[in-house]
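# model this:
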Amino acid sequence: QVHLVESGGGLVQAGGSLRLSCAASGRTFSGYAMGWFRQAPGKEREFVAGISWTGGRTAYADSIKGRFAISRDNAKDTVYLQMSSLKPEDTAVYYCATVSKLYYFPGTEEDEYDQWGQGTQVTVSS
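Numbering: from 1, shown residues only. Below is the predicted model of the structure:
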């Protein structure tokens, strides 16, 4: 069972930047795709970004393309989400997620991500 711990959330003004981190433990990190999701108050959880096990492939939600970037450091068992040009509508709890299948990249298929962290709050003020 993988354990995922997010960090880096906080309060930022519109137009600002934040970098979220997700540290994984409990299994080999480098063979599994990772993803970021978010859930705003009163809304369903939505896919934000995904990255393949090597980092060679990425996928993004249309709402954040060009503003967010996902990356990973397999030597540190960590995945990152660099968020720039933040907007108030980016306010949400951000969750790190991963898949159970080795060497499998589901892209934007939310149902394929089946292991989750506890989340970190990101609040963007106007």
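# who touches the residue nearest to residue 99 when sequence neighbours are not counted in this structure?
Spatial nearest neighbour of residue 99, chain neighbours left out: residue 33 (5.2 Å); criterion: CB to CB, 6 or more residues apart in numbering. Glycine gets a C-beta too; all of them are placed from N, C-alpha and C. Counting by CB atoms under 8 Å, 6 or more residues apart in numbering, residue 33 makes contact with 50, 51, 52, 53, 98, 99, 104, 105, 106.
# who wins for neighbours among those?
Within these, most neighbours by other CB atoms under 10 Å means residue 50, with 28 neighbours.
# Residue nearest the middle of this protein, spatially speaking?
For the chain, residue 36 is the residue whose C-alpha lies nearest the centre (CA atoms, centre = their mean; 2.1 Å).
# I'd say that residue and residue 48 touch.
Yes: taking CB atoms under 8 Å as the definition, residue 36 is a contact partner of residue 48 at 4.4 Å.
# Overlap of the contact sets of these two?
81, 94.
# Residue 81 bridge partners, please.
Residues in a beta bridge with residue 81, per DSSP bridges, are residue 20, residue 70.
# hang on, the earlier thing: tell me what the helix or strand where the residue nearest to the centre of the chain lies is packed against?
In the assignment (DSSP states H and E), residue 36 maps to strand 34-39. For strand 34-39, the packing partners by 3 or more CB pairs under 8 Å, 6 or more residues apart in numbering; DSSP states H and E come out as strand 18-25, strand 46-51, strand 68-73, strand 78-83, strand 92-98.
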